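A.B. asks: Quick one, what's the 3D model for this:
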Amino acid sequence: MRQNGLTLAAGSLVAVALLLRLVVYSVEETKVAVKLTFGKPTGEVAEPGPHFKWPYPIQDVVSYDARLRVLKGPFEQMTTSDQRPLLVSGFLLWRITSPQTFHKEVKDEAAAEVKLRGLLRTAIQNEVGQVAFGQLVSTQLAQLQYDQVEARMLSRIREKLQASDIGVEVTMAGIRRLGLPKEATAAVFARMREERKAAAAGILATGRARAGEILAQAEGKKAEVLAAAEAEAQTILGEAEKEVTKLYEEVREDPDLYVYLQEIKALRKLLDQRTTLVFDPSQPPFNLLSRSLDAEEQGQ
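C.D. replies: Residues are numbered from 1 along each chain as shown. As a prediction, this is how the structure comes out:
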């Protein structure tokens, strides 16, 4: 009897576990689920954790990843508004927001990506066709319009998704890669070289004009300094001539006296230095000393 009771209890537990497996399901943190009743979507579950349903085949549950996904577009040739060929590849970030609508309209991620890739390609073609080549490929950052182009791409994609709701949200769209066709690469490089040469010629012309201005300023300053120096030289020369005229008048009145006074002046300057001198008494102005000695001897 006791063994039969244990067997009955074990069987009951197994039956309960199987029943719970049929009516209880769990939704992970990173997923959302749609509940199907006889194969048709009748509700969605976004809260993680265990939930209840009717056993299969009455009800079934399909779960989808709710995280952001990256969709990369192909590298395709397009034409800008100025008829320049350009290779462009875009991208977008998307996620499932309504699993019930998603299951009803597209059912799986692969079908959703096909539809989104078409929307991305159309958006890139339309926006690239509305801007010039230099607004996407240029060495001047101020000319580039990536932000404006990508904003219009995102707006266009969202408008299309609102018109045909498939239960997804696009949070970002943009240009992933740019390139040039082989036949256009050489022409673009040649044009860039010409632009660089023109810019260099402009800088060189500006430098030469500035150099001419600096040279003209230097020449003007030179003429100004020379004129001032010439005027000062003329003033000094005039004063010197006046001094010479004055001395000439003094010499002409009494040449011997003038010479004698000049010799005394020179002798005083030498004696004021208070140093030992070795001189020839016959040479002026030292001859004055010999005259004084002769005068003293004659007086004695």
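A.B. asks: can you give me how far whichever helix or strand Leu204 is part of is from the chain middle?
C.D. replies: Applying DSSP states H and E as the criterion places Leu204 in helix 182-253. The chain centre lies 38 Å from the centre of helix 182-253; the measure is CA atoms, centre = their mean, to the nearest Å.
A.B. asks: avg pLDDT for it?
C.D. replies: pLDDT averaged over helix 182-253 equals 81, rounded to a whole number.
A.B. asks: hang on, Gln77 is in a strand, isn't it?
C.D. replies: Yes. Using DSSP: H, G, I helix; E, B strand; the rest coil, the assignment for Gln77 is a strand.
A.B. asks: Now do the helices in the stretch 51-200 of the chain.
C.D. replies: Listed in chain order, the helices of the stretch 51-200 of the chain (DSSP state H, counting those that start in this stretch) span residues 99-105, 109-128, 146-163, 182-253.
A.B. asks: Tell me which of those is the most buried.
C.D. replies: When you average the neighbours per residue for each of the helices of the stretch 51-200 of the chain (mean count of other CB atoms under 10 Å), helix 99-105 leads with a mean of 19. (Glycine included, C-beta is placed from N, CA and C.)
A.B. asks: Can I get it in PDB, CA atoms only?
C.D. replies: Extracted C-alpha coordinates of helix 99-105, given in PDB (Å, rounded to 0.1, in the frame of the first residue of the first chain):
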ATOM      1  CA  PRO A  99       4.900  42.000 -31.800                       C
ATOM      2  CA  GLN A 100       1.200  41.500 -32.600                       C
ATOM      3  CA  THR A 101       1.300  43.800 -35.600                       C
ATOM      4  CA  PHE A 102       4.800  42.500 -36.600                       C
ATOM      5  CA  HIS A 103       3.600  38.900 -36.600                       C
ATOM      6  CA  LYS A 104       0.400  39.900 -38.500                       C
ATOM      7  CA  GLU A 105       2.300  41.900 -41.200                       C
END
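A.B. asks: For that helix, enumerate the helices and strands it packs against.
C.D. replies: strand 31-37, strand 40-45, strand 59-65 (3 or more CB pairs under 8 Å, 6 or more residues apart in numbering; DSSP states H and E).
A.B. asks: tell me the most buried of the ones you listed?
C.D. replies: Mean neighbour counts were taken over these using mean count of other CB under 10 Å, and the top value, a mean of 21, falls to strand 31-37.
A.B. asks: and the angle for that one with strand 59-65?
C.D. replies: With axes from the mean of the first three to the mean of the last three CA atoms, to 10 degrees applied, the angle from strand 31-37 to strand 59-65 works out at 160 degrees.
A.B. asks: List the contacts of strand 31-37.
C.D. replies: Strand 31-37 is touched from outside by 25, 27, 41-46, 48, 51, 53-54, 58-66, 96, 99-100, 102-103, with contacts defined as CB atoms under 8 Å, 6 or more residues apart in numbering.
A.B. asks: Pairing partners for it, with directions?
C.D. replies: Strand 31-37 pairs in its sheet with strand 40-45 (antiparallel), strand 59-65 (antiparallel), by DSSP bridges.
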